[in-house]
Structure formats: structure tokens, C-alpha cells
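Undergrad: Sequence and predicted structure below; questions after.
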Amino acid sequence: MGFFSRLFKIREQDPTSPDTTWAMEDNGSELVLDAEYASMLMTEIDIDAAIASHERWRLQLQDMVNGRSQEVMRPERICQDDRCDLGRWLYGTGRVRLGHYPAFDMLVARHKYFHQQAADVVTAFQASEQQKAVQLLNSSCRHASNQVLLLLKELKRGLGR
């Protein structure tokens, strides 16, 4: 059973209803989504764009610590998890629509943690602590990034897209 299938069970409905979308998991578990509700969520956030944007952030950090970028990053701005497109959605419409699910809070927390770790990478790099920046990027920052990506992909799958 998928992660969001366990935590984002939106609504139980009759499988014969035309308003029901069924996603059968390997073990036969069912995630039931009201098709109209899922469509509405998909118009409010482009999950693929959020995934791509998040992956670009990770690449920018890698380029910085590996000396392939001259871009000046500001850790005091990077740590603000409500400034990127995903963060604005998480703290706005996403919270309104999905905030009552435990998995949503987990996504918000992992996203916030990623921003904190990314800011720590930049801070270490700007303090000429190259080894520490690389270590942070390759451990806690990468782990947090992978969790955000996993949660976004599971959300997308849970929405039946």
C-alpha cells in the first residue's frame, strides 16, 4: 500500500459510482478519490513543476559547493520555506484542502527541514567551510530533499495523475 494511500484516504465511496477513482495497489488496497476533488487539487498545484523546481534547487546547491556556479545565495532567504511556489501552496491552498491529514503535516515539515538544511549548506560554503558544506549537502540536505520528492510523488500518485 502506498504511503499516501495509508495517510491520505480522502473519502470512501461506492466503486460503481462514476464520481469515484480507484487506484488499486499491489496488495489490493484501495485509495478512493472523489474525481472532482482530485481534479481541483491538480489545478491548484502543478506537482510535476514542484518536483522539477525542487530538483533544480538541489542541483544549484551541488553546483555551488563544487565550484561550478558563481551565483550568490542568501541563506537568510533560503531558509524561508514559505517563499517558493511549493511553500506558498503548502501554507495556503494546500493547507486548506489537505491540512487535516497527518501526511500533509509531514510534507510541510520535510519541506521546511530541506530549506533549513539548504541554508546551512550555503552558510558553510560562504564561511569557506567547503568540506562541511559538501558533508551537509550529501547527508541531511540530500535526505530531506529525497523525502520531499517522495512525498510529492506519492501525493501525485494518490491524486490519480
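TA: Everything's here; your move.

Undergrad: Name the surrounding residues that touch the helix or strand harbouring residue 111.
TA: Counting by DSSP states H and E, the element that carries residue 111 is helix 102-126. With contact meaning CB atoms under 8 Å, 6 or more residues apart in numbering, helix 102-126 is reached by 3-4, 7-8, 54, 57, 61, 64-65, 73-76, 78-81, 84, 86-87, 90-91, 94-95, 98-99, 130, 132-133, 136-137, 140-141, 144-145, 147-148, 151-152, 155. No exception for glycine: its C-beta is placed from N, CA and C like everyone else's.

Undergrad: now do stretch 64-75
TA: Taking CB under 8 Å, 6+ apart as the rule, stretch 64-75 contacts 60, 62-63, 119-123, 125-126, 130, 133-134, 137.

Undergrad: Now list the buried members of these.
TA: 60, 62, 119-123, 125, 133-134, 137 (16 or more other CB atoms under 10 Å).

Undergrad: Thought residue 54 was touching residue 148, still the case?
TA: Yes: Residue 148 is in contact with residue 54 according to CB atoms under 8 Å; the separation is 5.9 Å.

Undergrad: of the two, who's got more company?
TA: More crowded of residue 148 and residue 54, by other CB atoms under 10 Å: residue 148, with 24 against 18.

Undergrad: Which neighbouring elements make contact with the helix or strand hosting that one?
TA: Per DSSP H and E: residue 148 is located in helix 142-158. In terms of contacts (3 or more CB pairs under 8 Å, 6 or more residues apart in numbering; DSSP states H and E), helix 142-158 is packed against helix 3-7, helix 47-65, helix 102-126.

Undergrad: How far away from the center of its chain is that helix?
TA: 5 Å (CA atoms, centre = their mean, to the nearest Å).

Undergrad: again with stretch 117-135
TA: Worked out by CA atoms, centre = their mean, stretch 117-135 lies 22 Å from the chain centre.
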